[in-house]
Each structure stands twice: as structure tokens, then as C-alpha cells.
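1. sequence plus the predicted model coming up.
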Protein chains: 2
Amino acid sequence: MNIDGQPYRTIFPDPDGVSVQVIDQTRLPFAFVLTRLATLEDAALAIRTMIVRGAPLIGVTAAYGLALAMRADPSTAGIDRAVATLAATRPTAINLRWALDRVAANLRQVQPEERFARAYAEAGRIAEEDVASCRAIGVHGGRIIADRHAATGRPVTVLTHCNAGWLATVDWGTALAPIYAAHAQGVPVHVLVDETRPRNQGAALTAFELHGHGVPHTVIADNAGGHLMQHGTVDLCIVGSDRTTARGDVCNKIGTYLKALAAHDNRVPFYAALPFSTIDWTLDDGVREIPIEERDGREVTHMTGRLADGGFATIEVVSPGSPVANPAFDVTPARLVTGIITERGVCTASAEGLYGLYPERRTAA
Amino acid sequence: MNIDGQPYRTIFPDPDGVSVQVIDQTRLPFAFVLTRLATLEDAALAIRTMIVRGAPLIGVTAAYGLALAMRADPSTAGIDRAVATLAATRPTAINLRWALDRVAANLRQVQPEERFARAYAEAGRIAEEDVASCRAIGVHGGRIIADRHAATGRPVTVLTHCNAGWLATVDWGTALAPIYAAHAQGVPVHVLVDETRPRNQGAALTAFELHGHGVPHTVIADNAGGHLMQHGTVDLCIVGSDRTTARGDVCNKIGTYLKALAAHDNRVPFYAALPFSTIDWTLDDGVREIPIEERDGREVTHMTGRLADGGFATIEVVSPGSPVANPAFDVTPARLVTGIITERGVCTASAEGLYGLYPERRTAA
């Protein structure tokens, strides 16, 4: 999407032909900085420290990371080592594992000297497929927003949590793709953006994207969404997903489950938008089976932001000496999810719905 | 309760006999500073800027504010003006209105020259009654925690939202009174403290109180509670209230409703602890009838905290140019509330339950 009228992707090949550039998302929303990844270690660090984040973008970055590893050590042991290093960076996102498996399987078929070029090209293909997939999610999900507008004649207010926008993917986004698509068609849409503590991806990234693209929006504390739904302010919710089970349980940023409960209690439709690579066909019960990453408590106790003089500072916001817990994701049971929007269409959050869109998985499972 | 072994109340008469001292809660948790209120304007400003906060403490501060106003203008018009000024500081808390009505009714019975002394004494009585009331809430609610411990043999994990501790009252607290009571009896209790965005009263005040008193606790992002309840980590929830309707709808800090939904979904008992002065017998449907204060968006966009060098800074944390909404309270419908703990005992969140504890209100209504 555009920043100051200039189209960008979140990750793209460097002109040197052997490294990649990414937007450093830890610097947003106050500074727009590109950073170059030239080694496996660069890529692993970028994922771990959330220079890049968002399940689809993590997958593409990991694929490029595996390519970069092949420059240093294209042996089969080198593949295994790089896959292990990259897989360990974030435990929850399934796309990470999916992208690594795809590139690694491809690499094992060729000689070491061909592996870097093969992996680099394959990573590029994964990136292109992600863009096409997100664009299709936008088409399918955009119809839900347009239908709502047609039914009410009013602007459509969509609540979203965290950042599942173009910054979380290569372009377009997942949860925000339907919003960009509706906006492009002239459907009046207003986005309620959960700030998304503790890392504030909503306030920092989703607000940045929507502002940059000219989509009307309002930032709210994570606590506010239930109240707004009680008072009829929210037409529908759309969130992304880091992993979705074969029966439609949706793992996403911590706090998503609370919004799904409020949506259910107030009869507000609740959708998850995700590409096929987010679906973990090996899992059924998301609450019991999906490992939830526990992140550093410092994400809760400290916040970084801009000072009035334009400088930056990190401040402590929790009473000193108090312990902190910081689970990064939660699972919304399928019973609370109205529908799942994928690149193939919209289905119910159920095994029937998902296998209906992906019949080829039925035999594979 | 104690700070560094020294007992404090949140508000107490100044030795000069004509003003009052309060703990400046905007300076917590990093600095413990007392500030003197000597005029009506001091008291109104202290409530509006949240130097004092918490429904019961706001009521007591308003009562003292009315007394301070009588020093400057003890006329009947002066009473009306002071009541109007103080009532306008915070629109949601019912105790504020209740305390003002009580003191004002008292003042109208006496001559202007007696009014300051009368109001000052009456404010003191309201403070003493609040302490007794909170202590009784602790006794009744503490039994729920002790019973849970007796049933499981494990430490009892209680999730709370915002600060309804001794800092929100004159002493003991409402939601935290049962925890202090259980802790004092040797019942092992662990408190999960919602940070409570946007003002972080949980991370700043509840954590400060519990740490100061030696009660085990863990601070979490507001988003985390649902996930923790799904995984059986939470034994019960206890929150305070700023206004509770005659049929048991509980208005409390924004985000409380989301925790009640999660508790209901996971069969975790959910209690509200409150003194009788919080009950608004004139209202039934809290969601429709209780006015919800919309506070300054700067509470969402900016945060103040401590720098590594010990200084303080205010930082911007939302993408510049994005609009913000900031509703301060929400209403949890009675159907999601397991019980209400008051100074008279524990009842169901219903008209039957509340009139059962307060039969004298049945005829008054």
C-alpha cells in the first residue's frame, strides 16, 4: 500500500540481489525506516525482536532467512540448522513453519550450489502468493462490508484487534484487506482500532496504515470494545489469525477472545480473515492444542514512545517490584466466530466450512 | 493500610483543623506525596484530575469539599453553588451525588455560621462509615475466598480490574477488602491485576497497594484475563463498582464487562464488592440508564512514567493524527454477576437480592 503516495511492500529483494529489505516496524509509527537483512541471523533477529511481525510476513521473512542461510552454508545440515533457528523464533504462528517446510523440501531436491538461488526464488514466490491471497481476501470480505452498507445505508463500523493489515503481510493485509477493498469501492467504512496492549500494534501500526491510506478510524483502549458493542456502535468485527484449527478455532493476538465474547453477547458478526497457510489441519481443539507464546514481561512494564521534543523515551508504567505475566495470544473457540474469510471465499468456522473451501485437504487429513 | 509500616488513610483532617490532606494518586506508584485541600476549588480539582479517585473516596472528598466551600461562602446559595461545582466533576460515580446530598441536607438545617463545622464533622462521619463499611465487605467477601481455599486446598487466584482497593476508599477498599481479610487470616491468595488502560490504575495503584501490603500478585495486560480463565488459572473475579442499579447491573471501570463475559463463559464466579452508597435505587437498566463519562483522548494517546534515570516523562504512544475515543466506564448486566458483596452480606445480583439486604429501601422506592 502507499506511504506518502509511494507504494511499498513490507519485504522486498534488495537491489544487490542477495539480501532483502524490510520496514523496521519497531520504529513505527514515528519513523519510517528500512533495514537490510543479509544473513540467517539478521532474519532470525528481525522475527524475534518483531522488526517484522504478523503471521504471513513472518512466514515470508523466514523463507528469505532460509535463503540467506544458504549463502553461508548450503549443506543439508545447514538447511536443518537454519530451519531449527528460524522455527524457534516465534512458537505460535503456523505460517512460519509452513514456509520453512515448503522452502526446505524444495532445497533438498537440488545440489548445494543451487540452493541459495532456489530458496531466494521460492521466497519471492511465497511473497507473490501472499499478495494475491490477501487481495482475494479483500474481495470476499469487502462484499460483507458492502452488503452491510447496502442493508443499513449507513457507514459501516468495523472493530479490529492488533494489526492484521498490510504491515502484517507483504501487502493488503488479512483483516484490513476487506476494509481497503470496501474503501476503494467507495463504501463508507469507519474502523475502531483496539490499541492492543502490551505491544500497541493497533495504536502504532493499524492506525498508521489507515491514516496513511485515508481510511476513517478511531483508536480505543482494548477495554472499550464491549461497551461500544452494547451501545450498537459496532457493525462487525474482523480480526486476523496466527493459527486456525481444522474445526475453526482462531488463535490470534491476546484479547481477541474477549472481543469475540462481546460480539456474541451483542449479536455483532465476528469474522477472522486469514490465508490458507494459517490453517493448521493437524489440530482440532485450539484452546487445548495451540502453544501460546509467553513474552518478556518488560513489554507490559515498559513503554516506548515519542517525547514532546521529538525525541524518544522508554518509561516504566507498572508499580516497581510487581511480577508480570505476558501471554501473547489467545484462542477464540469456533462457536464464537461467525465466519472465516480466506482467499477462496467465506465459510463457517467449522470443519465442514473449512473442508468445503479446501476439499483437497479432506483426503490429506 | 500500611505503607512502609506506617498506617495511612487516603484522606484525613489536616492538623490545622480546617483543611484536609489526601494522597496524590497521580504521583503513585513512583512517589508517595500528600497534598492539602483548603478550598472548594482544591477539592473539585483533586476529583477532576484524579488526585483522588475511586467512587467511595470521591464521595468523601466531595463532602469535605462542601465543608471547605462553607468557609468562603456559607450562604444557602453558596451550598447550591458548591454542590453544583462538585457534582459536575465526575458524572458516573453515584457516591459523589449521595455524599453531597447528605451533607447539603444537613447544612440547610443550620444557620450559615454553623455550616462549616457541621459539614466538616459530617464529612468525617462519612469517612468513618466508609471505613466500617469496607471492613465489613472484607469480612463477608473474605469468607468466599476462604471457602474456595477450603474446597480446593490450593491458593486462591482472584482477578481484579482497576483499583477498588484502599486507595479507592478511605481504608481497606471494596474489591480488595476480601483479599486483605483473607490474607490476614492466612488464606493463601494470589491476585491477578489487570493493568486497566488507559489510566493504568491496576498497574500503578492496585499493584502498589498489594506490594506494599505483601499480598502475592501478578500484573497482566487487560487482554490476558480471558485466556487465563480458559486455562483454569482464575478461581474468581472480584471488582468494585461506581454505580450499581436496583436490579444488580454493575457499572465499573471500562473493560469490566469483558472480564464478566469471560468469567461467565468459563464458569468462574464473578463478584462486585460495593458499599450501599454505590447502589442507585432509582435505576433498573444500567446499560441504558447510566451516563458514561467520556474522558480526554490524551489518556489514550499519552502515557507518563519513570525513566531509567529516575526522572519522569510523558510519551506519545498512538500514531500521530489518529482520532481517539475514551469511554471511562461500562456496565456489566446482572445476568453475568454471580453475587454482590456489600457491608451487609452477599446477595444475588437482582432486585430480590439487593432488597433482601436492604429491606428498608423496598418501601422507599
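-> Nice, thanks for sending it over.

2. show me what from the stretch 101-250 of chain A comes close to chain B.
-> A:192-193, A:195-198, A:200, A:203-205, A:207-208, A:210-211, A:217-228, A:230-231 (C-beta under 8 Å from any C-beta of the partner chain). The C-beta positions use only the backbone N, C-alpha and C, and glycine is treated the same way.

3. swap in 10 Å and give it another go.
-> Within the stretch 101-250 of chain A, the residues that sit near chain B (C-beta under 10 Å from any C-beta of the partner chain) are A:161-162, A:190, A:192-200, A:202-212, A:216-231, A:233.

4. give me the buried entries from these.
-> Buried by 16 or more other C-beta atoms under 10 Å in any protein chain shown: A:161-162, A:190, A:192-200, A:202-212, A:217-230, A:233, out of those.

5. return the subset of the residues you listed lying in strands.
-> Judged by DSSP state E, strands contain the following of these: A:His190, A:Leu192, A:Val193, A:Asp194, A:His217, A:Thr218, A:Val219, A:Ile220.

6. and the pLDDT at the residue most central in space within chain A?
-> A centroid search over chain A (C-alpha atoms, centre = their mean) returns A:Gly54, at 3.1 Å, as the residue closest to the centre. Predicted confidence (pLDDT) for A:Gly54: 91.

7. dump the residue contacts of it.
-> A:10, A:25, A:60-61, A:93, A:95, A:162-170, A:173-174, A:201, A:205, A:240, A:242 (C-beta atoms under 10 Å, 6 or more residues apart in numbering or on different chains).

8. one step back: ok, which pair from the ones in strands among the buried ones among the residues of the stretch 101-250 of chain A next to chain B is furthest apart?
-> A:His190 and A:Asp194 (14.2 Å; C-beta to C-beta).

9. what's around the residue in the stretch 1-150 of chain A that chain B sits nearest to, how many residues?
-> The minimum distance from the stretch 1-150 of chain A to chain B, using C-beta to the nearest C-beta, falls at A:Pro29 (3.6 Å). Residues near A:Pro29, counting by other C-beta atoms under 10 Å in any protein chain shown, number 25.

10. can you classify it by secondary structure?
-> Per DSSP: H, G, I helix; E, B strand; the rest coil, the secondary structure class of A:Pro29 is coil.

11. list the contacts for it?
-> A:Pro29 sits next to A:200, A:203-209, A:211-212, A:305-306, B:316-322 when contact means C-beta under 10 Å, 6+ apart.

12. just give the nearest non-adjacent residue to the residue of the stretch 251-365 of chain A found nearest chain B, would you?
-> Nearest residue of the stretch 251-365 of chain A to chain B (C-beta to the nearest C-beta) works out as A:Gly255 at 2.8 Å. Leaving aside its sequence neighbours, A:Gly255 sits nearest to B:Asn223 (C-beta to C-beta, 6 or more residues apart in numbering or on different chains; 2.8 Å).

13. swap in A:Ala132?
-> According to C-beta to C-beta, 6+ apart, the nearest residue to A:Ala132 is A:Glu343 (7.4 Å).

14. now that neighbour. Its backbone dihedrals?
-> Dihedral pair for A:Glu343: phi -70, psi -10, per degrees, to the nearest 10.

15. where's A:Asp212 relative to B:His211, distance?
-> Heads up, residue A:212 is Gly, not Asp. Distance, A:Gly212 to B:His211, using C-beta to C-beta, to the nearest Å: 42 Å.

16. any low-confidence regions in the stretch 251-365 of chain A?
-> Low-confidence segments of the stretch 251-365 of chain A, defined by pLDDT under 70: A:364-365.

17. so the residue lying closest to A:Asp284 once chain neighbours are set aside: helix, strand or coil?
-> Nearest non-adjacent residue to A:Asp284, counting by C-beta to C-beta, 6+ apart: A:Arg247, 5.1 Å away. Of the three states, A:Arg247 takes coil under three-state DSSP.

18. neighbours of A:Arg247, how many?
-> Neighbour number of A:Arg247 under other C-beta under 10 Å is 18.

19. now swap in A:Arg288 and tell me
-> Residues near A:Arg288, counting by other C-beta under 10 Å, number 12.

20. how close does it get to B:His231?
-> According to C-beta to C-beta, A:Arg288 stands 9 Å off from B:His231.

21. quick check: neighbours shared by the two?
-> Here A:Arg288 and B:His231 share the contacting residues A:Val331, scored by C-beta under 10 Å, 6+ apart.

22. let me know whether A:Gly202 touches A:His161 as I believe.
-> Yes: with contact defined as C-beta atoms under 10 Å, A:Gly202 counts as touching A:His161 (6.7 Å).

23. mutual contacts of the two, please.
-> With C-beta under 10 Å, 6+ apart as the test, A:Gly202 and A:His161 both reach A:Leu192, A:Val193, A:Asp194, A:Glu195, A:Thr196, A:Asp222, A:Lys253, A:Gly255.

24. quick check: domain ranges of chain A?
-> As assigned by automatic domain parsing, chain A contains the domains A:2-129, A:144-364.

25. most tightly packed of those domains?
-> Comparing the domains of chain A by mean neighbour count (mean count of other C-beta atoms under 10 Å in any protein chain shown), domain A:144-364 ranks first with a mean of 22.

26. returning to that earlier point: dihedrals phi and psi, the residue nearest to the centre of chain A?
-> According to degrees, to the nearest 10, A:Gly54 has phi 100, psi 130.

27. how close does it sit to A:Asp4?
-> Counting by C-beta to C-beta, the gap from A:Gly54 to A:Asp4 is 21 Å.

28. quick one: contacts for A:Gly202?
-> Residues in contact with A:Gly202 (C-beta under 10 Å, 6+ apart) are A:160-165, A:191-196, A:208, A:217, A:219-222, A:253, A:255, B:318-319, B:322.
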